[in-house]
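Okay, structure incoming, though there's no sequence with it:
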């Protein structure tokens, strides 16, 4: 799914892509958002081996709630990262920036994109989208490569927490 307007990202408090949320047929979250590549083609970049994640997803599809990868309600609640007031304000600024950009007011959108990023600096979704809509170097003084390098070895994605693994 391509979430052009970042609605799903806002609803599920996502800050990066690709992200997966497992939702069962009853609409219950079985695993909250976590890094979700479907293979290991980016393993050198992400340092995240997706073999067990994909196997876990297949196991859950086959076994449902009986899967060791399906989390109980309490564990889902513990892992959920709920949005804060700053996150809501960041989302509002980001959406206003999107609206202005879509209406042809590209330069007027930039302060709103910047404000969204300042309010929620961990959101790579906000960064990448804003940078893609303008000259990142000119308006933001940075780019994707520079920001990843600035992590200086810190993980780009939160580590997966799967059964049988130690994190």
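All right, it came through fine. This one's a predicted model, so the numbers in the text were calculated from it and none came from an experiment.

for the record, mean pLDDT for stretch 70-89?
Averaging pLDDT along stretch 70-89 yields 93.

Apologies, that question was intended for stretch 105-121.
Per-residue scores along stretch 105-121 average to 97.

In it, which residues are buried?
By 16 or more other C-beta atoms under 10 Å, the buried positions in stretch 105-121 come out as 109, 110, 112, 113, 114, 115, 116, 117, 119, 120. Yep, even glycine has a C-beta here, placed from its N, CA and C like the rest.

and after the helix or strand of the chain with the lowest mean pLDDT, which helix or strand comes next?
Lowest on mean pLDDT, DSSP states H and E among the helices and strands of the chain sits helix 43-46, with a mean of 79. Downstream of helix 43-46, the next assigned helix or strand under DSSP states H and E is helix 51-63.

For that following helix, which helices and strands make contact with it?
strand 19-23, strand 29-35 (3 or more C-beta pairs under 8 Å, 6 or more residues apart in numbering; DSSP states H and E).

Report the residue ranges of every domain in this protein.
7-79, 85-150 (automatic domain parsing).
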